[in-house]
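Chemist: Output the structure for:
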Amino acid sequence: MSKLFDTLKIDPSKLAGQSRDAKYPKPVEGRVANIDADFLAYQVACETRKELDGLAPRRDLETMKAQVRSLATHYQKLAGATSYVLFITPSGSNKGGRAAYAVSKEYQANRSGRSTPPEHLSAIRGYMGEELPSSVSLEQEADDALAQANYRAIAAGTPELSVLMSKDKDLWMVPGYYYDFAAEAVEYEESTFGWIGVDRSKSSPKVVGRGTKYFWAQCIMGDTADNICGIPKWGAVKAADILADASTDIECYDIVRELYQSSPHKWTHWKTGEPCTWGEALYGDMHLLWMRRTIDDRVDDFLKEVLATQEEELPWKE
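Modeler: The predicted structure follows:
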């Protein structure tokens with residue numbers, strides 16, 4: 001189970017309860033805390049180190065349900081919200097068919113058989129979906145639904161009424177309000193293009209950022225959590241450096257396209273083993289990384305917007 005804690009970046013010592021010293025901002029009337037409940041379910045259902053070592057009694061399901069309610073309310077208050085919604089990807093979700101777009105690597109294949117799920121995980125998910133304010137994503141991933149909550153608020157002219165509560169870096173490409181767990185504050189990203197930088201505070205530097213500029217960085221780096229390839233041997237610092245001066249999506253696209261095209265990597269399809277083009281590999285990764293702005297949105301729609309002023313074929317059509 002410790003590997004699962006490490007993967008999810010969960011500190012088991014902090015699962016028993018939340019700090020009573022938390023300083024909550026003044027609530028904004030009508031604001032909703034949109035909570036990544038896929039993470040929350042694991043956070044509650046995973047047993048603590050003391051439980052695993054027999055130094056503390058194992059929590060029963062009712063205790064875990066109470067912790068879910070407590071954490072959800074805590075997140076709502078951190079967001080300065082007056083209500084919350086828990087976003088869940090159930091086991092029966094088709095995840096928007098993302099896996100079918102995977103080319104270089106099988107999508108999320110590194111998760112299968114990783115560890116035995118916590119005993120009460122399924123029950124906790126069911127409880128959240130059936131008895132608490134929730135959004136259950138059967139036709140897409142919860143991440144997409146979370147992104148759409150912000151996009152809807154922006155379209156309505158009330159971006160301040162939606163706050164994303166997630167530690168998932170995939171959502172960094174989404175504009176609007178979000179809770180920054182590192183800064184312990186609600187932040188706002190107005191620009192859809194955003195920015196990127198390098199966090200050197202830990203032993204392994206990592207790219208941080210917001211908006212579609214972060215999406216382009218992910219296309220280079222890939223995503224180990226979701227088993228997305230990117231360009232082999234390109235790390236965080238190199239990706240950030242090469243995109244540093246780009247100020248538009250089309251500039252980023254040109255850079256990413258050139259990197260894929262000039263890469264010496266021999267691209268093959270993960271399922272068939274057959275050779276594929278660099279364009280097919282790039283297109284596949286883009287589909288996997290893109291956070292959908294509506295349930296019907298695909299990365300194709302974004303690329304058509306980016307390339308609207310250029311008369312060129314998309315690389316997977318070559």
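
Chemist: Name the SS class of the spatially most central residue of the chain, please.
Modeler: In the chain, the C-alpha nearest the mean C-alpha coordinate belongs to D170, at 3.1 Å (CA atoms, centre = their mean). Secondary structure, DSSP: H, G, I helix; E, B strand; the rest coil: D170 is helix.

Chemist: now the strands for this protein?
Modeler: Under the criterion DSSP state E, strands of the chain are mapped to 32-36, 83-88, 134-136, 162-165, 176-180, 185-189, 195-199, 206-210.

Chemist: picking up where we left off before, wait, isn't the residue nearest to the centre of the chain in contact with L288?
Modeler: No: if you go by CB atoms under 8 Å, D170 and L288 don't touch, sitting 9.6 Å apart. Quick note: C-beta positions are derived from backbone N, CA and C, even for glycine.

Chemist: okay, and the common contacts of those two?
Modeler: Residues within reach of D170 and of L288 at once, by CB atoms under 8 Å, 6 or more residues apart in numbering, are 223, 226.

Chemist: Point out where the stretch 101-250 of the chain drops to low pLDDT.
Modeler: Along the stretch 101-250 of the chain, the parts satisfying pLDDT under 70 run over 112-115.

Chemist: Recalculate using a threshold of 90.
Modeler: Residue ranges of the stretch 101-250 of the chain with pLDDT under 90: 109-117, 200-206, 234-237.

Chemist: quick one: the helices in it?
Modeler: With DSSP state H, counting those that start in this stretch as the criterion, the stretch 101-250 of the chain has helices at 121-131, 142-155, 212-221, 236-243, 249-262.

Chemist: Pick the most deeply packed of those.
Modeler: Counting by mean count of other CB atoms under 10 Å, helix 212-221 has the highest mean neighbour count of the helices of the stretch 101-250 of the chain, with a mean of 25.

Chemist: quick one: contacts of that helix?
Modeler: Contact partners of helix 212-221, identified using CB under 8 Å, 6+ apart, comprise 170, 172-173, 192-196, 207-209, 228, 230-231, 234-236, 238-240, 242-243, 246, 249, 252-253, 255-256, 259, 282, 285-286, 289-291, 302.

Chemist: Give the rounded mean pLDDT of the top helix by length along the chain.
Modeler: The longest helix of the chain (DSSP state H) is helix 61-78. The average pLDDT for helix 61-78 rounds to 97.

Chemist: Which elements pack onto it?
Modeler: Helix 61-78 is packed against strand 32-36, helix 37-45, strand 83-88, helix 121-131, with contacts defined by 3 or more CB pairs under 8 Å, 6 or more residues apart in numbering; DSSP states H and E.

Chemist: 10 Å - rerun?
Modeler: Packing contacts for helix 61-78, counted by 3 or more CB pairs under 10 Å, 6 or more residues apart in numbering; DSSP states H and E, involve strand 32-36, helix 37-45, strand 83-88, helix 121-131, strand 162-165.

Chemist: Distance to A155 for those - can I get that in CSV?
Modeler: Formatted as CSV, the helices and strands packed on helix 61-78 follow (distance: least, CB to CB, whole Å):
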stretch, distance to A155
strand 32-36, 15
helix 37-45, 24
strand 83-88, 18
helix 121-131, 26
strand 162-165, 11
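
Chemist: Let me have the strands of the chain in JSON lines, adding distance to Q67 and mean neighbour count as columns.
Modeler: Below are these laid out as JSON lines (distance: least, CB to CB, whole Å; neighbours: other CB atoms under 10 Å):
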{"stretch": "strand 32-36", "distance to Q67": "14", "mean neighbour count": "26"}
{"stretch": "strand 83-88", "distance to Q67": "13", "mean neighbour count": "23"}
{"stretch": "strand 134-136", "distance to Q67": "16", "mean neighbour count": "19"}
{"stretch": "strand 162-165", "distance to Q67": "16", "mean neighbour count": "27"}
{"stretch": "strand 176-180", "distance to Q67": "19", "mean neighbour count": "21"}
{"stretch": "strand 185-189", "distance to Q67": "23", "mean neighbour count": "15"}
{"stretch": "strand 195-199", "distance to Q67": "30", "mean neighbour count": "16"}
{"stretch": "strand 206-210", "distance to Q67": "30", "mean neighbour count": "21"}
